[in-house]
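Novice: Predicted model follows, preceded by the sequence.
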Amino acid sequence: MMERGRLIVEKVEGRSTLTRCFSKYPMKFIVPKKVGSSQTDVVWIYTITYGGGIVSGDSIAFDVTVADTCIAVLTTQSSTKVYKSIAAKCSQQLLEASIGRDALLVVIPDPVTCFSTARYSQTQNFTLATDSSLLLVDWITSGRHERGEKWAFSYYKSTNRILLQDGEPVFLDTTLIEQATHGTISDRMKDYQALAMIVLLGPKLQQIQKQTEEDVKKIMSQQFHFPSNSSSKPNMKPNFIASCSRFGPKGMGVVVRVASMTTEAIYSFLQHQLASMEELLGAPPYH
């Protein structure tokens, strides 16, 4: 059986503390002593890979436990690079996370960037208590623009599952992007260069849920609004598209999906929408 990485965040003397940290090549964890305000009760954890990326055939698996009333942030130092596939091997990553009562896990990585011919599959499973909170960002770019690579990878699959502790499914989502005989990924994506999904779930994120829903409505109404007396035709291909919908029991969660012609626009969107998280996390995400 493959050895797995392990992270456990528990309360020690009233503060969220990393009590277990084990990593297995090719991944390691960096845990800075201080990120932002020392007044906040939160543990920040950075995941990095040796060699600066995920090599063809790599298989990474790790477990995260956030105990009752704790707050943990899982992030990266830069985009997750997936190198080209050798002999059609697929790189894989698996995250299993458990979030305790009144706890919060924030997963805010930089995007996945797949090189030409790369094959990559990731699965992220989250098990929550009824009053847990989860912020999850899952996103991908078209590739290395400076090399002229745009949607040149072979295969990308990302699966996210959120379950309650009794096994009840709350959210199940898979994104699959692959080259096909009837057309390349680039043909299908047109000018869009990045895709993102943001999941906001639980009582600690209710205010952000409401604000994000309002902001997405405003953004899209502006994109498609034209005065009735205007003779200009609407722009049928906006630079930035976002949608927002509720999910789960009693609409407890919000999922936002974004397509953008630039990666920078998604960074700006995330910075703006998640700015109020600074109060909980000690530092604003994506700054």
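Specialist: Arrived safely.

Novice: just checking, Q223 touches K237?
Specialist: No. Counting by C-beta atoms under 8 Å, Q223 does not reach K237; the two are 10.2 Å apart. For glycine as for every other residue, the C-beta is placed from the backbone atoms N, C-alpha and C.

Novice: So for those two, which residue has more residues nearby?
Specialist: Set Q223 next to K237 and count neighbours by other C-beta atoms under 10 Å: Q223 wins out with 14 against 10.

Novice: Go ahead and report the secondary structure state at the more buried one.
Specialist: helix (DSSP: H, G, I helix; E, B strand; the rest coil).

Novice: And for it, nearest residue in space, chain neighbours not counted?
Specialist: Closest residue to Q223 apart from its sequence neighbours, by C-beta to C-beta, 6 or more residues apart in numbering: P238 at 4.3 Å.

Novice: doesn't the one you found fall inside a helix?
Specialist: No. Looking at P238 with three-state DSSP, it is coil, so not inside a helix.

Novice: Just to check, it is in contact with S221?
Specialist: No. Using C-beta under 8 Å as the test, P238 is too far from S221 to be in contact (11.5 Å).

Novice: Have a look at those two and say which one is more surrounded.
Specialist: P238 (16 against 9).

Novice: Dihedrals phi and psi, that one?
Specialist: Backbone dihedrals for P238, given as degrees, to the nearest 10, come out at phi -70, psi 150.

Novice: what's the answer for Y156, then?
Specialist: Backbone torsions for Y156, taken as degrees, to the nearest 10, come to phi -140, psi 130.

Novice: do W139 as well
Specialist: Dihedral angles (degrees, to the nearest 10) for W139: phi -150, psi 160.

Novice: Could you tell me how far stretch 183-198 lies from the centre of the chain?
Specialist: Here the centre of stretch 183-198 is set off from its chain's centre by 17 Å, with C-alpha atoms, centre = their mean, to the nearest Å.

Novice: pLDDT weak spots in this protein?
Specialist: Within the chain, the stretches with pLDDT under 70 are 1-2, 224-236.

Novice: rerun that using 80 as the cut-off
Specialist: Along the chain, the parts satisfying pLDDT under 80 run over 1-3, 34, 36-38, 181, 223-236.

Novice: Straight-line length of stretch 193-208, end to end?
Specialist: With C-alpha to C-alpha, to the nearest Å as the measure, stretch 193-208 spans 26 Å from end to end.

Novice: buried residues in that stretch?
Specialist: For stretch 193-208, the neighbour count (16 or more other C-beta atoms under 10 Å) marks 193-202, 204-205, 208 as buried.

Novice: Equivalent analysis for stretch 155-164, please.
Specialist: For stretch 155-164, by 16+ other C-beta under 10 Å, it's Y155, Y156, K157, S158, T159, N160, R161, I162.

Novice: Just flag the most distant two among these.
Specialist: Y155 and I162 (24.2 Å; C-beta to C-beta).

Novice: Distance of the spatially closest residue to I30 that is not a sequence neighbour relative to T159?
Specialist: Nearest residue to I30 in three dimensions, chain neighbours excluded: Y46, at 4.3 Å (C-beta to C-beta, 6+ apart). In this view, Y46 and T159 are 23 Å apart by C-beta to C-beta, to the nearest Å.

Novice: Could you give the number of residues near the nearest residue to E3 once chain neighbours are set aside?
Specialist: Excluding the flanking residues, the one nearest E3 by C-beta to C-beta, 6+ apart is K24, at 4.9 Å. Residues lying near K24 (other C-beta under 10 Å) number 15.
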